[in-house]
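Novice: Okay, here's the prediction I keep looking at, along with the sequence it came from:
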Amino acid sequence: MSSFDSARRDFLQLLGGTASAAWLAANWPALVSAAEHAHQAAKSGNPALEVLTAEQAREVEALCTCIIPSDEIAGAREAGVVYFIDRALKTFFSDTLPVYREGLEAVQKTTAELFPGVPRFSAATEEQKLKIFSHIVQESERPESGARRLAPGASPDFFQTLRVHTIFGFLVDPEGGGNRDFVGWKAIGRDPSHSFSAPFGFYDKDYPGWQPVSGETEK
Amino acid sequence: MSRPMVTYKPTDEVDFVIVGSGAAGGVLAKELSTNGFRVVVLEQGEYLREKDFTHDETKIFIQSLLTNKVNTHPVTFRKSADETARKQQAVLYGSCVGGSSVHFTANFWRFHEIDFKEHGKVGDIPGANFADWPISYADLEPYYTKVEWEVGVSGLAGSSPFDPPRSKPYPMPPLPVKGNGVIFERGCRKLGYHAYPAPMAILSKPRAGRSACMNCGFCLGFGCEVGAKSSTLASVIPMAEKTGRCEIRTNCYVHRIETDKNGRAVGAVYFDAQRNTHLQKAKAVILSANGAETPRLLLLSASSQFPAGLANSSGYVGKNLMPNSSALAYGVFDEQLNDYKGPAVSRIMHDFYELDPKLGLYGGGGLDARFDFTPISFALNGLPPDTPKWGAGFKQAIAHNFTRTMQIFCHGTSLPVESNNFSLDPDVKDAWGLPALRMTFRDHPNDLKMMEWMRARALEILDAAGAKTKWSFPVQEQQFAVHLLGTCRMGNDPKTSVINADHRTHDVKNLFLCDGSSLVTSGRGQPTMTIQALAYRAADRITTLAKSGEISA
């Protein structure tokens, strides 16, 4: 059963006993439509790039993978983060496009400086990538870099920007264009269902109900 | 949900024009239209419905689907009057039908008796412009009850020994306890404190054609897709529309209250979505635009007759801003709480509502157990400070902690300080060329000290409850306000207040203000319940005045 089916099943179960027929009639088609849209977005393959070139996207994806790597659990790559970023750079994160352009140039420069024979970041070995990426992060965290960023009109830092965007792309509701097939939510233990019933976890499962404080302090 | 059943022309002189459809404006619209008056509500934002709401954090937090848009309505901030304010998202408020009640957490605490008369009890406080209310808790109690039953609040009466008297129980049982609530209870009991089920403006049972909460977990910041959160959009605005006398008119940016040569308000001037200007005529005007935009609108309405701004003979319009003080402590536990499910808060405690005078602190506060995070906000802000920011260590931390983290949120008093205010920025303009909202704010030193004291208590509770890891950050001066309180305060003396106990401005007989700006004190951190109780009471008072001819005379 897909996560969408599971979500719909839980939602119907919850509403079956509680919602009015009128409310269901008024709202259910829209909810189904929204959820199906998200489902399709999550299921469809890689969309066409609209802002980044294929070369830029390859480098961005390699960098995102350093932030949330792939192991036995899906990471930024499997979540389709680079496609989220491409769409975001066309729309609500468009003001950060220059940060990407400058940032990718700087990464290329750092790669060439640290490993002269490596043509680009994405072509480096995993060990080399970690060294290059650590260098980029260290540069970002230098006090002078922080001071520069605070100056009026200064560009945001590439690492900080990429980190935020990667997290968005990994964990956003799939309706927002990332978190493909909910792999990000699954990675952090978030059930993709749309509704839940108590008990929710370990601590409330045997809760006996609220009782007033007896007056004695428990030890 | 039906569309507005009635529309008026701007040239129709309706009985009331209300600016804002949020917590207060929605209640006033319902009450006044039900009482037989013709009402137009002018709302700056869109008319979004349940089907328009989403769990997409980019639409909520990046594109401000439900809240004020600083790209067109910029806000500036400075700490003191000798600084030049800079553009900053210093203020967040709802900008859609239902206002901030659409995206709020829905904590619904009543104020206590002390909140209305604390100045009389403790006297003047250095550096504060402290005053008592012209009304008491007893005056407001019937209206608190009305909010609980009509808007819809879940809770358990009698569960807190510190609660003020009440005339009726809650209409619905509390929402389900969460892991954070069980853990909070455990820690509080060990320390002798009294945790109890949080009163929340979220339906625990189906009511009035609305669904019960489905525990989706996207509550704070989001609109409720099933109408279980008791926004005015879900609760009272449909009732207002059903009267056939109330029009909710959206995309209307009110920027001036027009007055005649006798100093009476004649209506509200607004830009529509196409930037055309209209004057909605009305016999009386009510501003419920929130504690930032109500004073701004009065200041924008300055004229030769009212050179300091409308209704501002006291000079108090915009002053005494109280955003409430706050602190947070975080804990990670061994087992999974899964607190991403359900509304944010399930247990609170009010043992610190009135602090022991021996502590040398004024005011007080309440603590709640919560999980405020969405997946993205957790990864950005919910991890211990020493967690790696990237790589396998970062991934492992979000994977392990997301389901095992909870917070204790300390909410408390903000003392009124005259130099803390909203005013018109002399340099920065909005997209219509009007002066931007400027916030000037520095916390009263007592509030910072009190919050540090509360923060230490929160960490003790996490310790007592068995947190595996806990952390917190020192309390800092605030530069961001969500609770917009006190900026057109209520009082009997026209020299030191803007409105009287009927919410009528001292200076303009047919101009009323009712929202967070009306508050004289800030309570202990959860103001919306009181704003709505005030709105119900104001509607009663305004109805009486209108029916006796005292407004139009």
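Specialist: Okay, I see it. From a predicted model like this one, the values you see are computed outputs, not experimental measurements.
Novice: mean confidence for the helix or strand encompassing B:L279?
Specialist: Taking DSSP states H and E as the criterion, the element that holds B:L279 is strand B:277-287. Mean pLDDT, strand B:277-287: 98.
Novice: and if you look at stretch B:92-101?
Specialist: Mean predicted confidence for stretch B:92-101 is 98.
Novice: what about the residue nearest to the spatial centre of chain A, which SS state?
Specialist: Nearest to the geometric centre of chain A sits A:F170, at 2.0 Å (CA atoms, centre = their mean). When classified by DSSP: H, G, I helix; E, B strand; the rest coil, A:F170 comes out as helix.
Novice: Leaving out sequence neighbours, find the closest residue to it.
Specialist: A:G184 (4.1 Å; CB to CB, 6 or more residues apart in numbering or on different chains). Every residue, glycine included, has its C-beta placed from N, CA and C.
Novice: Give me the phi and psi angles of the one you found.
Specialist: phi -70, psi -50 (degrees, to the nearest 10).
Novice: same check, this time on B:A265
Specialist: The phi/psi pair for B:A265 (degrees, to the nearest 10) is phi -70, psi 140.
Novice: again with B:R438
Specialist: According to degrees, to the nearest 10, B:R438 has phi -120, psi 130.
Novice: what about it, how many neighbours?
Specialist: When neighbours are defined as other CB atoms under 10 Å in any protein chain shown, B:R438 has 23 of them.
Novice: what pLDDT does it get?
Specialist: 98.
Novice: got the contact list for it?
Specialist: By CB atoms under 8 Å, 6 or more residues apart in numbering or on different chains, the contact list for B:R438 reads B:V75, B:T76, B:F77, B:R78, B:A85, B:F422, B:S423, B:L424, B:D425, B:V428.
Novice: how about the nearest residue to B:S288 once chain neighbours are set aside, secondary structure?
Specialist: Using CB to CB, 6+ apart and skipping the chain neighbours, the partner closest in space to B:S288 is B:G25 (3.4 Å). Of the three states, B:G25 takes helix under three-state DSSP.
Novice: where's B:G25 relative to B:A240, distance?
Specialist: B:G25 sits 10 Å away from B:A240, going by CB to CB, to the nearest Å.
Novice: Check B:Q44 too.
Specialist: 18 Å.
Novice: Of the two, which one has the most company?
Specialist: Each of B:Q44 and B:A240 has its neighbours counted (other CB under 10 Å); B:A240 has more, 29 against 26.
Novice: For chain A, give me the ranges with low pLDDT.
Specialist: A:1-44, A:146-155, A:215-219 (pLDDT under 70).
Novice: show me where it has helices.
Specialist: A:3-16, A:21-43, A:54-67, A:81-90, A:97-114, A:126-141, A:143-150, A:158-171, A:183-187 (DSSP state H).
Novice: which residues touch the residue nearest to B:S288?
Specialist: B:G25 touches B:I18, B:V19, B:V41, B:E43, B:G99, B:T232, B:I286, B:S288, B:A289, B:C514, B:D515, B:A535, counting by CB under 8 Å, 6+ apart.
Novice: wait, doesn't the last one sit right on B:G516?
Specialist: No: here B:A535 lies out of contact with B:G516, judged by CB atoms under 8 Å, at a distance of 10.9 Å.
Novice: what is in contact with these two at once?
Specialist: B:A24.
Novice: Can you pull the poorly scored residue ranges out of chain B?
Specialist: B:1-4, B:553.
Novice: doesn't B:K242 make contact with B:V6?
Specialist: No: taking contacts as CB under 8 Å, B:V6 lies outside contact range of B:K242: 10.5 Å.
Novice: Which stretches in the stretch 201-350 of chain B count as helices?
Specialist: B:236-242, B:293-300 (DSSP state H, counting those that start in this stretch).
Novice: Turn those into a markdown table, including distance to chain A.
Specialist: Formatted as a markdown table, the helices of the stretch 201-350 of chain B follow (distance: least, CB to the nearest CB, whole Å):
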| stretch | distance to chain A |
| --- | --- |
| helix B:236-242 | 11 |
| helix B:293-300 | 25 |
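Novice: So which of those is the most surrounded?
Specialist: With neighbours defined as mean count of other CB atoms under 10 Å in any protein chain shown, these peak in mean count at helix B:293-300, which reaches a mean of 26.
Novice: That helix packs against which elements?
Specialist: strand B:253-259, strand B:277-287, strand B:421-429, strand B:435-440 (3 or more CB pairs under 8 Å, 6 or more residues apart in numbering or on different chains; DSSP states H and E).
Novice: Any chance of CSV for the ones you listed, columns distance to B:L65?
Specialist: As requested, the helices and strands packed on helix B:293-300 are arranged in CSV below (distance: least, CB to CB, whole Å):
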stretch, distance to B:L65
strand B:253-259, 18
strand B:277-287, 25
strand B:421-429, 24
strand B:435-440, 20
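Novice: And those strands: which comes nearest B:R166?
Specialist: strand B:277-287 (28.0 Å; CB to CB).
Novice: Report the angle between that closest one and strand B:253-259.
Specialist: Between strand B:277-287 and strand B:253-259, the angle comes out at 80 degrees (axes from the mean of the first three to the mean of the last three CA atoms, to 10 degrees).
Novice: Direction included, what does strand B:277-287 pair against?
Specialist: strand B:14-19 (parallel), strand B:265-271 (antiparallel), strand B:511-513 (parallel) (DSSP bridges).
Novice: Tell me the helix or strand right after the last one.
Specialist: Using DSSP H and E, the helix or strand that directly follows strand B:511-513 along the chain is helix B:528-547.
Novice: Enumerate every residue touching B:G364.
Specialist: Residues near B:G364 by CB under 8 Å, 6+ apart: B:F352, B:Y353, B:E354, B:L355, B:G412, B:T413, B:M450, B:R524.
Novice: What degree of burial does the closest residue to A:V172 other than its chain neighbours show, as a neighbour count?
Specialist: Sequence neighbours aside, A:G178 is the residue nearest to A:V172 in space, at 4.5 Å (criterion: CB to CB, 6+ apart). A:G178: 33 surrounding residues under other CB under 10 Å.
Novice: what do you get for A:R58?
Specialist: When neighbours are defined as other CB under 10 Å, A:R58 has 16 of them.
Novice: what's the answer for the one 4 residues further on, then?
Specialist: The number of residues packed around A:A62, counting by other CB under 10 Å, is 21.
Novice: That one is in contact with A:S122, isn't it?
Specialist: Yes: counting by CB under 8 Å, A:A62 touches A:S122, with 3.9 Å between them.
Novice: Now flag whichever of the contacts of B:G364 is closest to B:Q479.
Specialist: Nearest member of these to B:Q479, counting by CB to CB, is B:G412, at 17.5 Å.
Novice: residues contacting that closest one?
Specialist: Counting by CB under 8 Å, 6+ apart, B:G412 has contacts B:324-326, B:363-366, B:447, B:450-451, B:454, B:524-525.
Novice: Return the residues in contact with A:F200.
Specialist: Contacts of A:F200 (CB under 8 Å, 6+ apart): B:P176, B:K178, B:G179, B:N215, B:L337, B:N338, B:D339, B:K341, B:G342.
Novice: Of these, which belong to strands?
Specialist: Per DSSP state E, strands hold no members of those.
Novice: Columns neighbour count on top of the residues you listed, output as JSON lines?
Specialist: As requested, these are exported to JSON lines (neighbours: other CB atoms under 10 Å in any protein chain shown):
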{"residue": "B:P176", "neighbour count": "22"}
{"residue": "B:K178", "neighbour count": "34"}
{"residue": "B:G179", "neighbour count": "30"}
{"residue": "B:N215", "neighbour count": "24"}
{"residue": "B:L337", "neighbour count": "26"}
{"residue": "B:N338", "neighbour count": "24"}
{"residue": "B:D339", "neighbour count": "29"}
{"residue": "B:K341", "neighbour count": "26"}
{"residue": "B:G342", "neighbour count": "28"}
